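Participant: Turn this into a model:
(chains A and B)
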Amino acid sequence: MGSIELQQVRKSFGSVNIIKGVDLQIKDGEFVVFVGPSGCGKSTLLRLIAGLEDVTGGKIVIDGKDATERGPAQRGLAMVFQSYALYPHMSVRNNIAFPLKMAKASKEVIDAKVARAAGTLNLTDYLDRRPGQLSGGQRQRVAIGRAIVREPSAFLFDEPLSNLDAALRVQMRLEIGELHKTLKTTMIYVTHDQVEAMTMADKIVVLDLGAIAQVGAPLDLYNRPDNLFVAKFIGSPTMNIVKGPSADKRGADCVGIRPEHTDISTTAGEWPGTVRIAEHLGSETFVYVDVDGIGPFTVRVDGEAPLHASDRVFLTPRESRLHRFNAAGARIAA
Amino acid sequence: MATRQTMTAGRILVAPSVILLFAFMLAPLVRTLYFSTLHYNLLDGSVPQFLGFQNYVDFLSDPNFIDSLVNTLILVLSVLVISVGGGIFVALLMDQQVVGLNILRLMVIAPFFVMPTVSALVWKNLLMNPESGFFLWITRSLHLPAPIWFTNWPMLSVIFIVSWEWLPFASLILLTSLQSLDLEQQEAAVLDGAGAIPYFFYIVLPHMARAITVVILIETIFLLGVFAEILVTTNGGPGDATTNITFLVYKQALLDFDVGGASAGGIVAVVIANIAAIFLMRIVGKNLEA
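Facilitator: Reported below is the predicted structural model:
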């Protein structure tokens, strides 16, 4: 119904290689998130799947059939754009009905499907308004409604929440998650926000410079990053990377330890240092420490930690949570 | 937004422009109104006499008036249809990526910079000339009967010339509107399965509605006053075939030297232009609201 397979997909704009050979399998019903820093090619990859860009090489297989040469409308996919791309001169009703009209559906079918989509998305009261009269979250829902009525084999989301304010973003994140549970349709979601990636995804695809850095379930990526890039990209605050004698001692070029997996003590430990700033957030405290001979280091402790700037502290990593990487940045298996 | 001080300052600052505008607009208008009530003919040498509304009655009951009103409407509407329709087409073409686009654009826009008398002369002497014109060469090459443009189809000829002048303006305005169409909207329409023709009618045309409105409003204002093209090519003829209101007023003032009658005609023309403007604003002006 909604399986997508990428085989050695490449994309170049002139001499610039944006996507450098991506192999990926997306199972029917999966919620896959493409995540990566800006310029990593995640949006381009989504547009290649949508058919809005032609591939330079490789194959895109949708539902077992080669769709590489098929036009965007023939792939059976629906896309929600970052700007929502609503048609400003049409009412909400006509916006949602537009793909059905283009497919020459009968009036009864259109009315029924629009009504159902509007019901699902709480838009029933707004059907006769224009997009310009709606709030950001409502526009977002109209864009999703326009995608739903096509009953696509997969939804493609291109950073759909980046234009919303923080509170609305959390709410829409939940709504999209619920929508996925109701529809059980494959969804591919592009974001640069790792919180969205971690909370929504069944499977995260981390992209770096046009290649896949790692594919896996959110907690797999968090617990067992394959390489230094993923280790630093996933998790907030970012993982501390330590080079030098401490890494040599453990047989690695560098070791990574997350802020929450480091013990802090005022009496004894492996790395002595000075507290630069302690951010007391109530639920937790972020302590920024200048470790002697290593440099800045972040530690996450509970909210009541009695630490203040210029305190002398000692840090000790939990060995079982330590990640070891070789000189090429790849993970060294335990 | 403004405090009382800034409003006072604003009034003082705009005062010179307002006064100038009044002086240059109102003074001639009042003078014309005054002349339009007089029997004032430069040929009979008599002293101007007050006539009341007689000049208006004469002008409006003149059979030439209805003819020229019809001619005005035919000219304005035809040019609007050709320039807006053609302008949309040219704008769509110019929106494509082709080699030499900049030069192409310049060439498309060029006719707008040619002054009306010159372009009328170009058409009269180079294109539509009944003995050596380019169109004659075309019809001859095709072994078709050669028309004498300004004799056989005078109004059509004038319409062609004026349309040629205004097509670039329409194309330019519509092109900028076309280029402001959101790229993601285009892509969304493609994904929604809209082919080229539904895409044009459902997405592009509504998007351009506002620009089309602006083109129609501006062109109408100028087209009601087309004069130079007629003077240079047909001189209002043959007969009254290409006499519009503007040309009729000119004839009365400068061929018959009837200052009073021409003034009345001028006022009638102003009234007609205002009626047209009110109708236009009613019909298409709502597109201008956001």
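
Participant: Let me see the contact set for the residue in the stretch 101-250 of chain A positioned nearest to chain B.
Facilitator: Chain B sits closest to residue A:102 of the stretch 101-250 of chain A, with a gap of 4.1 Å, by Cβ to the nearest Cβ. Bear in mind the C-beta positions are built from the backbone N, C-alpha and C, glycine included. Residues near residue A:102 by Cβ atoms under 8 Å, 6 or more residues apart in numbering or on different chains: A:73, B:192, B:193, B:194, B:195, B:198.

Participant: same check, this time on residue A:18
Facilitator: Applying Cβ under 8 Å, 6+ apart to residue A:18 gives the contacts A:11, A:12, A:41, A:44, A:210.

Participant: Quick one: mean pLDDT over the helix or strand it falls within.
Facilitator: Applying DSSP states H and E as the criterion places residue A:18 in strand A:16-26. Mean pLDDT, strand A:16-26: 90.

Participant: Buried residues of that strand, list them for me.
Facilitator: Within strand A:16-26, the residues that count as buried by 16 or more other Cβ atoms under 10 Å in any protein chain shown are A:17, A:18, A:19, A:21, A:22, A:24, A:26.

Participant: Which strands border that strand, and is each parallel or antiparallel?
Facilitator: Partner strands and pairing direction for strand A:16-26 (DSSP bridges) are strand A:4-13 (antiparallel).

Participant: Report the buried residues of the partner strand.
Facilitator: Buried residues in strand A:4-13 (16+ other Cβ under 10 Å): A:4, A:5, A:6, A:7, A:9, A:10, A:11.

Participant: relative to strand A:16-26, how tilted is whichever helix or strand comes after the strand holding residue A:18?
Facilitator: Using DSSP H and E, the helix or strand that directly follows strand A:16-26 along the chain is strand A:31-35. Orientation check (axes from the mean of the first three to the mean of the last three Cα atoms, to 10 degrees): strand A:31-35 against strand A:16-26 gives 160 degrees.

Participant: The helix or strand that strand A:31-35 is followed by - contacts with which helices or strands?
Facilitator: As assigned by DSSP H and E, the chain's next helix or strand after strand A:31-35 is helix A:42-50. Packing partners of helix A:42-50 (3 or more Cβ pairs under 8 Å, 6 or more residues apart in numbering or on different chains; DSSP states H and E): strand A:4-13, strand A:16-26, strand A:31-35, strand A:77-80, strand A:154-158, strand A:186-191.

Participant: Can you pull out the residues in contact with helix A:42-50?
Facilitator: In contact with helix A:42-50 (Cβ under 8 Å, 6+ apart) are residues A:4, A:6, A:9, A:11, A:18-19, A:22, A:34-36, A:53, A:55, A:60, A:72, A:75, A:77, A:79, A:156, A:158-159, A:188, A:190, A:192, A:207, A:210, B:191.

Participant: Assign residue B:158 to helix, strand or coil.
Facilitator: helix (DSSP: H, G, I helix; E, B strand; the rest coil).

Participant: Would you mind measuring from the closest residue to it other than its chain neighbours to residue B:258?
Facilitator: With Cβ to Cβ, 6 or more residues apart in numbering or on different chains as the criterion, residue B:158 has its nearest non-adjacent residue at 5.2 Å, and that residue is residue B:242. Distance of residue B:242 to residue B:258, given as Cβ to Cβ, to the nearest Å: 21 Å.

Participant: Tell me which of those two has more neighbours.
Facilitator: Comparing residue B:242 with residue B:258 by other Cβ atoms under 10 Å in any protein chain shown, the one with more neighbours is residue B:242, at 26 against 23.

Participant: helix or strand for that one, which one?
Facilitator: Judged by DSSP H and E, residue B:242 forms part of no helix or strand.

Participant: shouldn't it be in contact with residue B:156?
Facilitator: No. In this structure, residue B:242 is not within contact of residue B:156 by Cβ atoms under 8 Å, at 9.8 Å.

Participant: Now do the same contact list for the closest residue to residue A:134 other than its chain neighbours.
Facilitator: The shortest distance from residue A:134 to any non-neighbouring residue, by Cβ to Cβ, 6+ apart, is to residue A:126 (6.3 Å). By Cβ under 8 Å, 6+ apart, the contact set of residue A:126 is A:92, A:118, A:134, A:138, A:142.

Participant: Next, residue A:126: phi, psi?
Facilitator: Torsion angles at residue A:126 (phi, psi; degrees, to the nearest 10) stand at phi -110, psi 10.

Participant: pLDDT at it, what is it?
Facilitator: Residue A:126 carries a pLDDT value of 90.

Participant: now residue A:194
Facilitator: At residue A:194, the pLDDT recorded in the model is 87.

Participant: Could you report the distance from it to residue A:34?
Facilitator: In this view, residue A:194 and residue A:34 are 12 Å apart by Cβ to Cβ.

Participant: swap in residue B:200?
Facilitator: Distance of residue B:200 to residue A:34, given as Cβ to Cβ: 33 Å.

Participant: So which of those two has more stuff around it?
Facilitator: Using other Cβ under 10 Å, the more surrounded residue of residue B:200 and residue A:34 is residue A:34, with 29 against 14.

Participant: if I pick the more buried one, what's in contact with it?
Facilitator: Neighbouring residues of residue A:34 by Cβ under 8 Å, 6+ apart: A:42, A:45, A:46, A:188, A:189, A:190, A:191, A:205, A:207.

Participant: count of residues packed around the nearest residue to it once chain neighbours are set aside?
Facilitator: Nearest non-adjacent residue to residue A:34, counting by Cβ to Cβ, 6+ apart: residue A:42, 4.1 Å away. Residue A:42 has 27 neighbouring residues, counting by other Cβ under 10 Å.

Participant: what comes into contact with stretch A:183-190?
Facilitator: Here stretch A:183-190 has contacts from A:1-4, A:26-35, A:42-43, A:45-46, A:49, A:148, A:152-160, A:176, A:180, A:196, A:200-201, using Cβ under 8 Å, 6+ apart.

Participant: Just the pLDDT at residue B:117, thanks.
Facilitator: 89.

Participant: no no, residue A:92
Facilitator: pLDDT, residue A:92: 92.

Participant: residue boundaries of the helices in chain B?
Facilitator: Listed in chain order, the helices of chain B (DSSP state H) span B:4-35, B:54-61, B:63-94, B:101-109, B:116-122, B:134-141, B:149-152, B:154-179, B:183-191, B:196-199, B:205-223, B:228-233, B:245-250, B:259-283.

Participant: And the last one, what does it pack against?
Facilitator: So that's helix B:259-283. Using 3+ Cβ pairs under 8 Å, 6+ apart, helix B:259-283 sits against helix B:4-35, strand B:38-39, helix B:54-61, helix B:63-94, helix B:205-223, helix B:245-250.

Participant: by how many degrees do that helix and helix B:205-223 diverge?
Facilitator: With the same axes, to 10 degrees applied, the angle from helix B:259-283 to helix B:205-223 works out at 170 degrees.
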